[in-house]
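Colleague: Sequence and predicted structure are below.
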Amino acid sequence: MADCHVAGGNEDGGAVGVLGAHQGLRDSSSLMAKNCSMCSTSRSGVFVMDGARAALEGCKCNGSSKNGLETKGTGSTATATACSFSNNKWPNVTAKEGATVVLQDGCKCNESESCGLMVTDKGSTATASACSFSSNNNDNVCVCEGAAAMLLDGCASNYSKEVCGLWVSDKGSTVTASACSFSNNKCNNVTAQEGATVVLQDGCKCNESEENGLLVRGKGSTATASACSFSSNAESNVLVQEGASALLLDGCACNDSKEESGLWVSDKGSTATASACSFSSNNSDNVYVCEGAAAMLLDGCACNNSKQERGLRVTDKGSTAIASACSFCSNDESNVLAQEGASALLQDSCQCNGSKEGSGWRAHGQGSVVIVRDSSASGNKLGSDAEQRGKVVSL
């Protein structure tokens, strides 16, 4: 069908044959719709289930009492091109129970009272290209319970009014995002938790959240970011906790956090590895490792110009940090601090110069140690090193 308009509908959805205010498709049914409006329905604008297929082009499915587009069940598939699914009471677009959704060419999934896109249950998948999921009341994009999503070609997932730009939860749930924007959200810009996996690549932007730029939480949860920006967030730019792991590659920028750290790694079992990344000009410690966590900073990471604290702080027994060919310079306090039984290894020409109020490196507290190999500390207010019941070892 083409150039049609369906609105209103009765309590049961007002279906009229295959078409109606609630466009319900089942079994081997198929729908092709172009430039149609299915708005203000009492149920979902388009509902695809039990293996049915829908192809929508230039359609509007706005203002429904449930979803704009709902797909349900293994084999059920909906493809939308240049469509609008906005201002719906439930998630604007939903794929569940093994269904598949493909959104392309600038689909808009904005300003739902719930989520912009929700993908739930093992076997459910969503792929979006150059689409907008912004200004929704709940998470802009939510993927959970073993589902998977790919967000490509500059999808925008910004300005969630209450929660996250991207929220991925539960073991087996995966999201890959390429050149996308997750910024200015009320909660974390991106959250991966409860064993979920997130891959951010090709310059994703996760800036200016009211909480963290990226939160990775819980044993088995992982995040990999390549050439991405996590900057100017209200709390930490990247926070890894409760046994999660993060891998930051190819020049990720984690700068200018307004309250906390550029990178904060907390709790036993939590790990973070960063290569050629920037953690500078944050309000607190540029990199903070605590409560038994571990971090590796490689290939010239920069941890400079902390506004109030240190370039690298490692605290608590069992916490470790290894830095290779990195710079920790011009920080307000000591450039590197290991305390309360923690350890830090600086090697391969690390530079720890120009601390404004502290030393180049410092070990504080029984069992704390800073090991220095082929690294430099000059121009620091309190000299190159300081020991306060800790130990500095130069190799």
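Modeller: Yes, it's here.
Colleague: Per-residue pLDDT of the residue nearest the centre of the chain, please?
Modeller: By Cα atoms, centre = their mean, the chain has its centre lying nearest to residue 190, at 2.3 Å. Looking at residue 190, its pLDDT is 98.
Colleague: For residue 213, see how far away it is.
Modeller: 7 Å (Cβ to Cβ, to the nearest Å). Using the backbone N, CA and C atoms, a C-beta is placed for each residue, glycine as well.
Colleague: Name all residues that make contact with residue 351.
Modeller: 326-329, 375-377 (Cβ atoms under 8 Å, 6 or more residues apart in numbering).
Colleague: Oh, that last question was meant for residue 338, not what I typed.
Modeller: Here residue 338 is in contact with 314-315, 321, 344, 361-364, 368-370, 390 (Cβ under 8 Å, 6+ apart).
Colleague: Stretch 89-101: how far from the chain's middle?
Modeller: The chain centroid and the centroid of stretch 89-101 are separated by 21 Å under Cα atoms, centre = their mean, to the nearest Å.
Colleague: for stretch 145-160, same thing?
Modeller: So, by Cα atoms, centre = their mean, the centroid of stretch 145-160 is 10 Å from its chain's centroid.
Colleague: go on, stretch 229-245?
Modeller: 9 Å.
Colleague: So for it, what gets flagged as buried?
Modeller: 229-245 (16 or more other Cβ atoms under 10 Å).
Colleague: Mark which of the residues you listed are part of helices, please.
Modeller: The members of the buried residues of stretch 229-245 all map outside helices under DSSP state H.
Colleague: Now, these that are in strands?
Modeller: Taking DSSP state E, the ones among these that sit in strands are 238-241, 245.
Colleague: My guess is residue 296 contacts residue 273. True?
Modeller: Yes: counting by Cβ atoms under 8 Å, residue 273 is a contact partner of residue 296 at 4.5 Å.
Colleague: hmm, back to that, which residues are in contact with each of residue 190 and residue 213?
Modeller: The contact lists of residue 190 and residue 213 share residue 206, where a contact means Cβ under 8 Å, 6+ apart.
Colleague: right, and residue 379 touches residue 354 too?
Modeller: Yes: using Cβ under 8 Å, residue 379 makes contact with residue 354 at a distance of 4.6 Å.
Colleague: of these two, who's got more company?
Modeller: Set residue 379 next to residue 354 and count neighbours by other Cβ atoms under 10 Å: residue 354 wins out with 18 against 14.
Colleague: surely that one meets residue 380?
Modeller: Yes: between residue 354 and residue 380 there is a contact under Cβ under 8 Å: 6.5 Å.
Colleague: which neighbours do those two share?
Modeller: Counting by Cβ under 8 Å, 6+ apart, the residues touching both residue 354 and residue 380 are residue 335.
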